[in-house]
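Q: following is a predicted model, sequence given first.
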Amino acid sequence: MTQALLRVQGLTGGYGDVQVLWGLDLEVARGEIVCLVGSNGAGKTTLMRTLSGLIPARAGHIQFGDVDLSYANPERALRAGLAHVPEGRRLFSAMSVRDNLLMGAYLREDGVGAINADLERMYVHFPILKQRHHQAAGTLSGGEQQMCAIARGLMGAPRLLLIDELSLGLAPAIIEQLCDTLRGLHREGLSLLVVEQDVATALELASRAYVMDTGRITRHGQSDTLRHDPAIREAYLGAL
Amino acid sequence: MKRALLIGVLLSGVLALVPLTNDAYWLRLGTTMLMYGVLALSWNFIGGMAGYPSFAVAAFLGLGAYTGAVAQKFGLPMGWAWVAAGLSALLFATLLGAALLRLRGHYFAIASLVVAEVLRELVNSATELTGGGMGLNLPVPSMISVQAQASFFFYAMLALVLLTFVATVITTHSRLGFGLRCIQQNEAAADMLGVNTTAFKIAAFALSGVFVGIAGAIYASWVHYIEPPDVFDVLYSVKAIVMVLLGGAGSVFGPLLGAAAFLTLEELVWRKFLEVHTGVLGLLIVLLVMFLPRGVLSITQLWKRPKDHRA
């Protein structure tokens, strides 16, 4: 394996008395797209929230580049270069699209010029956002909101972008379009860790995938291998 | 930002002419209005910008009033007593904020509502220090005429409301104000983008306390006599909220406009409907909130709206 950008070892976590994650190991290499699939309640979102520091890890180790993020808060994770596009988008609905994107750059200290350049870059990747830049984010369609959320995450100039539930509630044509854009961003050097319910889409987008069940990683490997794994086909792809 | 500050300074310049009328009624009304302005602008920090419905205004006002009064009782000059009141309210709001701002929505509102009651009971029982239920007399300022005193307190309140206004303008255009608006709209997302939500909320709460504390101390010096039910009156909290909602929450001029509108309503209704004035006032507030939910300031946007749709 090439250099790991994110290396998670023995991670456990949860909410209050409820333990959700039971010792997870996971890696994302530099310049890699990795997918995380699994049924409802498997702990995918909890894992994402733990990685980005929104909820504290109980035990285990999160190494990101040369930074230890095991006990980090969202601010430190973001400063290190790890941005999180949350499930359900969570935009500032009364603020304009442009202001939402600028909020993504809230912690950046590399100056107005660099931030504006990135804003223009987002408008190139997501042309619809340029058309809508003055509109309140809450008035966008579902697909546009997801684009806005992804672009807001990217405005933090991350090295790794976590996307939770990429395709949830979106039309197939929009999902295809989003995946194309993500591949474009990937070619520009972005690494991605994507949670995806739709296993077929996930395996098509990512080079590697992890399968999660009841808080543990049950399988992982190359997308091609997993696609032909009989157990995966039966459980997630609906074909024997 | 410069324009807002300029308008603020010009407005205070005009208001500074009021004492020249030498009319005790207008001076008293004016001083009350300015105090209301301070309360409304202060509540706006936490309630309007951050979206946390605080009912703690009465607590800060009472705390400031009693800090100022007790400080003067122990011989501190009036001006320093006011500063002490501001500092105590600032400290109290910071500590209280750290505890209360874990709660959200209605839970936060209820918790902040209780604070004034607790403080009132404390002041009531600390008879040796505060006079308890008997109240506390303040030294009468050594000025020649009653008229000069009235003018003096008018100017003091005017200076305070200007200070609060400047703080509002600066906050609105700062990182803090931007962060607070994000918290108001989606706290989870703000947290995720690296906004230090806890620190920002506490800062907003502290800002909502400090000026009210000073206003309480000026009020105490102005009326020479305070008692717990007067300065810890929960109506101050309610009025501050109503004024901001009347004017336009989250904006810079809304709270000021709301304070002026509210006092005018209160005064007119009180004069015309002596026996049912609270009922009539309540009804008016309900009607205003129903038909102008975004405040009097939103009237200006009614004209702009058709143009936005075309664009």
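A: Looks like it arrived, so ask away.

Q: enumerate the residues of chain A near chain B.
A: A:52, A:54, A:74-75, A:78-79, A:84, A:86, A:90-95, A:103-104, A:106-107, A:134, A:152, A:156 (CB under 8 Å from any CB of the partner chain). For glycine as for every other residue, the C-beta is placed from the backbone atoms N, C-alpha and C.

Q: quick check on residue A:94: phi, psi?
A: Note on residue A:94: its backbone torsions stand at phi -90, psi -10 [degrees, to the nearest 10].

Q: that one contacts residue A:138, correct?
A: Yes. Counting by CB atoms under 8 Å, residue A:94 does reach residue A:138; the two are 6.4 Å apart.

Q: follow-up on the earlier one: give me the buried subset of the residues of chain A next to chain B.
A: Buried members of the residues of chain A next to chain B, counted by 16 or more other CB atoms under 10 Å in any protein chain shown: A:52, A:54, A:74-75, A:78-79, A:84, A:86, A:90-93, A:95, A:103-104, A:106-107, A:152, A:156.

Q: chain A: strands as residue ranges?
A: A:4-15, A:18-29, A:33-38, A:57-64, A:67-68, A:82-85, A:160-163, A:191-195, A:208-213, A:216-222 (DSSP state E).

Q: can you get me a residue count around residue A:125?
A: Residues lying near residue A:125 (other CB atoms under 10 Å in any protein chain shown) number 17.

Q: same deal with residue A:73?
A: Residue A:73: 16 neighbours (other CB under 10 Å).

Q: now it: closest residue in space that isn't a chain neighbour?
A: Spatially, and ignoring its direct neighbours in sequence, residue A:73 is nearest to residue A:53 (4.7 Å; CB to CB, 6 or more residues apart in numbering or on different chains).

Q: per-residue pLDDT of that neighbour, please?
A: Per-residue pLDDT puts residue A:53 at 92.

Q: and if you look at residue B:310?
A: 39.

Q: so how far is residue B:37 from residue B:97?
A: Note on residue B:97: its distance to residue B:37, by CB to CB, to the nearest Å, is 23 Å.

Q: these two: which is more packed in?
A: Taking neighbours as other CB under 10 Å, residue B:97 and residue B:37 compare with residue B:37 leading, 29 against 25.

Q: part of a helix, is that one?
A: Yes. With DSSP: H, G, I helix; E, B strand; the rest coil as the criterion, residue B:37 is assigned to a helix.

Q: ok, it - contacts?
A: B:161, B:164, B:165, B:255, B:256, B:259, B:260 (CB atoms under 8 Å, 6 or more residues apart in numbering or on different chains).

Q: what is the neighbour count of the second one?
A: Applying other CB under 10 Å, we find 27 residues neighbouring residue B:164.

Q: any idea which element it lies in?
A: Using DSSP states H and E, residue B:164 falls within helix B:146-172.

Q: and that helix with chain A, contact?
A: No. Counting by CB under 8 Å from any CB, chain A is not contacted by helix B:146-172; separation bottoms out at 14.1 Å.

Q: for that helix, packing partners?
A: helix B:2-15, helix B:24-43, helix B:197-223, helix B:254-272 (3 or more CB pairs under 8 Å, 6 or more residues apart in numbering or on different chains; DSSP states H and E).

Q: export the first one as CSV, just CAs?
A: Output in CSV follows, covering the C-alpha atoms of helix B:2-15 (Å, rounded to 0.1, in the frame of the first residue of the first chain):
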residue,chain,number,x,y,z
LYS,B,2,-19.3,53.4,8.5
ARG,B,3,-22.8,54.4,7.4
ALA,B,4,-24.5,52.7,10.3
LEU,B,5,-22.1,54.3,12.7
LEU,B,6,-22.6,57.7,11.2
ILE,B,7,-26.4,57.4,11.4
GLY,B,8,-26.1,56.3,15.0
VAL,B,9,-23.9,59.2,15.9
LEU,B,10,-26.2,61.7,14.1
LEU,B,11,-29.3,60.2,15.8
SER,B,12,-27.6,60.6,19.2
GLY,B,13,-26.8,64.2,18.3
VAL,B,14,-30.5,64.9,17.6
LEU,B,15,-31.5,63.1,20.8
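
Q: in that helix, what's buried?
A: B:4, B:8, B:11, B:12, B:15.

Q: chain neighbours aside, what residue packs nearest to the second one?
A: Right, residue B:8. Using CB to CB, 6+ apart, the nearest residue to residue B:8 is residue B:165, at 4.8 Å.

Q: what is the neighbour count of that neighbour?
A: Residues near residue B:165, counting by other CB under 10 Å, number 25.

Q: measure it to residue B:259 for me?
A: From residue B:165 over to residue B:259 (counting by CB to CB), the distance is 11 Å.

Q: same check, this time on residue B:62
A: Residue B:62 is 19 Å from residue B:259, by CB to CB.

Q: and if you look at residue B:47?
A: 14 Å.

Q: could I get the buried residues of helix B:2-15 in CSV, plus columns for pLDDT and distance to residue A:210?
A: Putting the buried residues of helix B:2-15 into CSV (pLDDT from 0 to 100; distance: CB to CB, whole Å) gives the following:
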residue, pLDDT, distance to residue A:210
B:4, 88, 53
B:8, 89, 58
B:11, 89, 62
B:12, 89, 63
B:15, 88, 66
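
Q: would a markdown table of the residues you listed with distance to residue B:57 be doable?
A: Shown next, in a markdown table, are those (distance: CB to CB, whole Å):
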| residue | distance to residue B:57 |
| --- | --- |
| B:4 | 23 |
| B:8 | 21 |
| B:11 | 23 |
| B:12 | 22 |
| B:15 | 22 |
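
Q: determine which two of the residues you listed are furthest apart.
A: B:4 and B:15 (16.4 Å; CB to CB).

Q: tell me the buried residues in stretch A:26-44?
A: A:26-29, A:31-38, A:42-44.

Q: ok so, going back, tilt between the helix holding residue B:164 and helix B:24-43?
A: 20 degrees (axes from the mean of the first three to the mean of the last three CA atoms, to 10 degrees).

Q: next SSE after helix B:146-172?
A: helix B:175-185.

Q: show me how far that following helix is from its chain's centre.
A: Distance of helix B:175-185 from its chain centroid, counting by CA atoms, centre = their mean, to the nearest Å, is 20 Å.

Q: give me the contact status of that helix with chain A.
A: Yes. Applying CB under 8 Å from any CB, one finds helix B:175-185 touching chain A at B:178, B:179, B:181, B:182, B:185.

Q: specify the beta-bridge partners of the nearest residue to residue A:156 once chain neighbours are set aside.
A: Distances taken as CB to CB, 6+ apart put residue A:83 closest to residue A:156, at 4.4 Å, once the chain neighbours are dropped. With DSSP bridges as the criterion, residue A:83 is bridged to residue A:161.

Q: and chain B, which residues reach chain A?
A: Checking chain B against chain A by CB under 8 Å from any CB, the hits are B:178-179, B:181-182, B:185-186, B:188-196, B:311.

Q: need the max-distance pair from the residues you listed.
A: Pairwise across the residues of chain B next to chain A, and taking CB to CB, the largest span is found between B:196 and B:311, at 35.9 Å.

Q: ok, those two, which is more surrounded?
A: Neighbour count, other CB under 10 Å: between residue B:196 and residue B:311, residue B:196 has more, with 16 against 5.

Q: pretty sure that one sits against residue A:75.
A: Yes. Checked against CB under 8 Å, the pair residue B:196 and residue A:75 is within contact range at 6.5 Å.
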